[in-house]
Structures are given as C-alpha cells and as structure tokens.
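> return a 3D structure for these sequence lines:
(one chain, ligands or ions: 1)
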Amino acid sequence: MFKGRTLITLVVTGGLLASLAACAPAGTSGGTGGDAGGTDCNVGIAMPTRSLERWINDGEGLKTKLEGDGCTVDLQYADNKTDQQISQIQNQVAGGAKILVVAAIDGETLGPVLEDAAGQGVTVIAYDRLINGTEAVDYYATFDNYKVGTLQGEFIEEQLGLADGAGPFNLEPFAGSPDDNNAGFFFQGAWDVLQPYVESGQLVIPSGKLSATNDDWKSIGILGWGSDDAQAEMDNRLQSFYTGGQKVQVVLSPNDSLALGIEQSLLSAGYTPGSDWPIITGQDADKANVQAILNDQQSMTVWKDTRELGDQVQAMVKSIVAGETPETNDDTTYDNGVKVVPAYLLDPQVVVKDDVESVLIDSGFLKASDVGL
Ligand code: GAL
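Below you'll find the predicted structure:
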C-alpha cells in the first residue's frame with residue numbers, strides 16, 4: 001500500500017508529532033489545552049505591596065525562576081489595596097493565566113474572584129498568607145507561621161530568664177495587621193509562651209493593651225503592617241503609661257516593619273541602645289532591621305529565606321503544569337473556613353547580631369553593603 005520512502009516518511013513524521021505532543025502543555029482536568037491533565041505554564045503573581053521589602057524580593061525572585069522554566073509570567077503589586085488586587089487578578093485570568101500565585105492583602109476578600117478563576121480551570125496557590133472562606137484555593141506555600149511566633153516568645157523567655165522566675169519586666173506587645181491570617185498565628189505562637197508569665201506577674205503590661213487572660217490579638221494589631229502606625233502607637237503608650245520614670249523592658253514585635261517604627265519611637269523618647277534599650281523582636285531580616293540589630297537597636301529577627309519559598313512554589317507550578325499533585329507537608333493545619341488547604345511549610349530561624357555574617361551574608365540573602373558592613 002505504501003512505497004518504501006513514503007512509509008519511512010510517515011513513520012518519521014508520526015514519531016515527530018508524538019514527541020512534540022509529549023512536550024506540549026496540556027490542559028488541566030477541566031481546564032484548557034490537551035487532555036493529559038496538565039496546563040499551560042502561564043502564571044499570574046499577585047503580591048500585596050512594594051512598600052515592604054520582602055514582597056519585592058518575593059515577587060521578582062519567583063518571576064525570574066518561573067521565566068527561567070519557560071513560563072509566561074505576569075507580576076502585579078497592589079499597594080495594599082484589596083480592590084486593586086482583585087482587578088489585577090481578574091486581568092491576569094483574562095490575559096490567559098492558568099495558575100495564580102496570590103499573597104492576599106486581606107485573606108477574607110478574594111473568594112468571588114478566585115471562584116470565577118477556578119471556573120475557568122485556573123489553579124490557585126496561596127502564597128505565604130492563607131486565603132479564607134473559599135473552595136478556590138488549591139495549595140498553600142508558606143513558612144511555619146505559628147513557629148515564627150513561638151521563636152519570638154521563646155527568645156524573650158530565654159533572654160529574660162523567665163523560666164527561672166526572673167521578673168517583673170515591663171512588656172509592650174504588638175500584633176500584625178488584623179486582615180492578615182498570618183498575624184494571628186504569629187501572635188498565638190508567642191502568646192502561648194508568654195501568657196503564663198503575664199499570669200504569674202513576671203511580665204506586666206503598663207499600657208494595659210492586653211491582659212493576662214486576653215488573647216484578642218486584633219485589639220493590638222497594626223493595620224497594613226505600617227512602620228509609621230507602629231511608631232505612633234508606641235509614642236502613645238510611652239506618653240500615656242511611662243510617665244513615672246519606669247521603662248519599657250521588652251517589646252513583642254511580630255515583624256521588622258513594626259519593629260522599625262517602635263525603635264524610632266524609643267529613640268525619640270530618649271532611650272539609648274546598650275543602656276536602657278528594651279529587648280525587641282522582629283521577622284523578615286529586612287536590611288534596615290539587620291542594621292538595627294548590628295547597632296544594638298533590635299535584639300533578633302526571625303529569618304524566612306524567601307528564596308526557598310520561591311523554590312517551593314516553582315516546584316508546585318511544575319507539578320501543576322505536568323498534571324501531577326504538588327508535594328505538601330501539612331494537610332491538616334490550615335483550615336480556611338471552607339476546606340483544609342494542603343500546604344507546604346518551610347522552617348523559619350532566629351538571627352541575632354552574631355549570626356548576621358554567617359547566616360545572612362554568607363548565604364547570599366543579603367550583601368554586606370546592604371547592612372553597612
Ligand atoms: C506577613 C508576612 C511577614 C510580615 C508581614 C508584613 O504576612 O508573613 O513576613 O512581613 O506580612 O509583610
């Protein structure tokens with residue numbers, strides 16, 4: 001039926017077509033494209049703001065990784081405005097994104113836009129902050145947020161010798177943005193360590209902003225994580241509750257942007273690093289705060305190597321594109337009110353002054369020049 005040359009041509013062409021089909025992106029199950037259960041590598045990354053250092057690193061780093069894998073990537077920052085983030089996500093889906101990586105500004109507001117995306121076959125990865133109240137979150141990649149708080153609480157416990165009965169010490173507790181699901185985990189991790197010492201009287205809170213039995217962290221939350229607002233709150237507490245000569249001896253700050261504002265307030269109030277300066281916690285290893293640590297204006301930060309978070313999301317994207325189930329290591333903790341979202345948690349670690357060079361500089365996370373070294 002087929003002459004020799006024709007038969008060979010048909011066989012070679014068939015083989016070429018087969019091999020090309022194997023590389024072509026296939027649609028999700030119910031998504032677009034082929035029927036192998038995969039999807040196009042077309043990714044929308046929605047980050048909350050450029051005003052906090054870590055999100056710039058997160059967004060740019062992930063975009064570079066995914067583009068290196070040949071993905072089409074759209075990266076957007078929403079100035080901490082939820083409406084802006086919602087329309088950015090809508091535009092990304094309209095523009096062909098088949099995977100969304102979303103660091104929510106407000107974890108309670110994205111249900112409708114993500115349900116619409118899911119209806120178009122889009123897979124959603126919650127990035128660092130859990131997205132609540134919707135089925136349309138497929139995976140969650142973050143650090144162990146409760147452990148971040150525990151590390152902060154245990155640092156204070158150890159530095160003050162609380163387990164050995166030391167005290168009383170004047171504590172001023174702060175919490176993160178009330179619309180950020182992470183902030184509740186940060187606070188609870190720390191408060192589970194510190195609350196017993198408040199109950200015992202070893203820690204006292206002259207501002208009364210939180211009582212021994214109260215764990216209403218949102219009452220001491222700083223909306224949007226702003227340094228200026230944290231500074232204003234600390235100014236208010238110092239002017240209102242520290243007028244008799246007593247001093248703040250320890251501050252629970254959930255992250256570096258708040259710590260920076262608190263440190264500015266203490267300097268304005270005449271506190272002196274190395275003299276009457278309180279213990280202050282933080283998180284994120286922001287450049288300004290690492291410099292503060294080197295200058296004895298901050299005691300520690302909880303470092304989250306966001307490059308690792310990017311690697312994890314990159315691996316999740318690769319699996320989704322291939323039509324495989326991404327690896328997770330915690331499928332029980334993160335209940336978003338509608339479902340327990342399968343998660344991959346990375347480990348945070350404490351960094352103090354002596355660790356800066358060996359941990360942050362030698363790992364390449366920061367350059368010596370970033371922190372005045
Ligand atoms: C949290 C994040 C922290 C902290 C804060 C402000 O959700 O996990 O790293 O920096 O937002 O961006």
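> helix, strand or coil for V101?
Secondary structure, DSSP: H, G, I helix; E, B strand; the rest coil: V101 is strand.
> confirm for me that it is in contact with N42.
No - taking contacts as CB atoms under 8 Å, V101 lies outside contact range of N42: 11.8 Å. No exception for glycine: its C-beta is placed from N, CA and C like everyone else's.
> the two: which has the busier surroundings?
Shown here are V101 and N42; by other CB atoms under 10 Å, V101 has more neighbours (31 against 21).
> near the ligand, which residues of the stretch 1-150 of the chain are found?
When proximity is defined by CB under 6 Å from any ligand atom, the stretch 1-150 of the chain lies next to the ligand at 52, 54, 128-129.
> right, and the helix or strand after the worst-scoring helix or strand of the chain on mean pLDDT?
Lowest by mean pLDDT, DSSP states H and E among the helices and strands of the chain is helix 4-23, with a mean of 43. Next helix or strand after helix 4-23 toward the C-terminus (DSSP states H and E): strand 42-47.
> how far does that next one sit from its chain's centre?
Relative to its parent chain, strand 42-47 has a centroid offset of 16 Å by CA atoms, centre = their mean, to the nearest Å.
> buried ones in it, by neighbour count?
42-47 (16 or more other CB atoms under 10 Å).
> stretch 135-145 too?
So, applying 16+ other CB under 10 Å, buried residues of stretch 135-145: 136-145.
> got a list of contacts for that stretch?
Contacts to stretch 135-145, defined as CB atoms under 8 Å, 6 or more residues apart in numbering, come from residues 111, 114-115, 117-118, 123-131, 182, 185-186, 189, 304, 309, 312-313, 316, 326, 328, 334, 336, 338-339, 341-348.
> now do the strands in the stretch 51-200 of the chain.
Per DSSP state E, counting those that start in this stretch, the stretch 51-200 of the chain carries strands over the ranges 72-77, 99-102, 123-127, 139-143, 169-173.
> what does the third one contact?
Which is strand 123-127. The contact list for strand 123-127, computed with CB under 8 Å, 6+ apart, reads 28, 31, 39, 45, 47, 58, 98-104, 114, 117-118, 131, 136-142, 309, 313, 316-317, 320, 341.
> OK, contacts around G208?
By CB under 8 Å, 6+ apart, the contact set of G208 is F241.
> so it belongs to a helix, correct?
No - when the secondary structure is assigned by three-state DSSP, G208 falls in coil instead of a helix.
> I figured E157 hits L194, correct?
Yes - assessed by CB under 8 Å, E157 is found in contact with L194 at 7.1 Å.
> higher neighbour count, the two?
Set E157 next to L194 and count neighbours by other CB under 10 Å: L194 wins out with 25 against 20.
> which two among the buried residues of stretch 135-145 are spaced furthest apart?
For the buried residues of stretch 135-145, the farthest-apart pair by CB to CB is A136 and D144; their separation is 24.3 Å.
> hang on, the earlier thing: Serialize the buried residues of stretch 135-145 to CSV and add fields for pLDDT and distance to A232.
As requested, the buried residues of stretch 135-145 are arranged in CSV below (pLDDT from 0 to 100; distance: CB to CB, whole Å):
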residue, pLDDT, distance to A232
A136, 98, 37
V137, 98, 34
D138, 98, 39
Y139, 98, 38
Y140, 98, 33
A141, 98, 33
T142, 98, 29
F143, 98, 28
D144, 97, 31
N145, 97, 26
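> can you redo the residues you listed as JSON lines with distance to I361?
As requested, the buried residues of stretch 135-145 are arranged in JSON lines below (distance: CB to CB, whole Å):
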{"residue": "A136", "distance to I361": "41"}
{"residue": "V137", "distance to I361": "36"}
{"residue": "D138", "distance to I361": "37"}
{"residue": "Y139", "distance to I361": "32"}
{"residue": "Y140", "distance to I361": "31"}
{"residue": "A141", "distance to I361": "26"}
{"residue": "T142", "distance to I361": "25"}
{"residue": "F143", "distance to I361": "21"}
{"residue": "D144", "distance to I361": "24"}
{"residue": "N145", "distance to I361": "26"}
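> now do the contacts for the closest residue to the ligand within the stretch 251-373 of the chain.
The nearest approach of the stretch 251-373 of the chain to the ligand comes at N255, 4.1 Å away (CB to the nearest ligand atom). Going by CB under 8 Å, 6+ apart, N255 touches 176, 186, 225, 282-284.
> surely K209 is in contact with W217?
No - the pair K209 / W217 is not scored as a contact, 10.6 Å apart, by CB under 8 Å.
> neighbour-wise, which of these two wins?
Between K209 and W217, counting by other CB under 10 Å, W217 is the more crowded of the two (23 against 18).
> which ones are touching the more buried one?
Applying CB under 8 Å, 6+ apart, the residues near W217 are 175, 183-184, 187-188, 191.
> what of V302?
Contacts for V302 (CB under 8 Å, 6+ apart) come out as 148, 151-152, 281-284, 348-351.
> Serialize these to a markdown table and add fields for secondary structure and neighbour count.
Below are the contacts of V302 laid out as a markdown table (DSSP: H, G, I helix; E, B strand; the rest coil; neighbours: other CB atoms under 10 Å):
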| residue | secondary structure | neighbour count |
| --- | --- | --- |
| V148 | helix | 27 |
| L151 | helix | 23 |
| Q152 | helix | 30 |
| T281 | coil | 30 |
| G282 | coil | 29 |
| Q283 | strand | 30 |
| D284 | coil | 25 |
| P348 | coil | 22 |
| Q349 | strand | 16 |
| V350 | strand | 18 |
| V351 | strand | 21 |
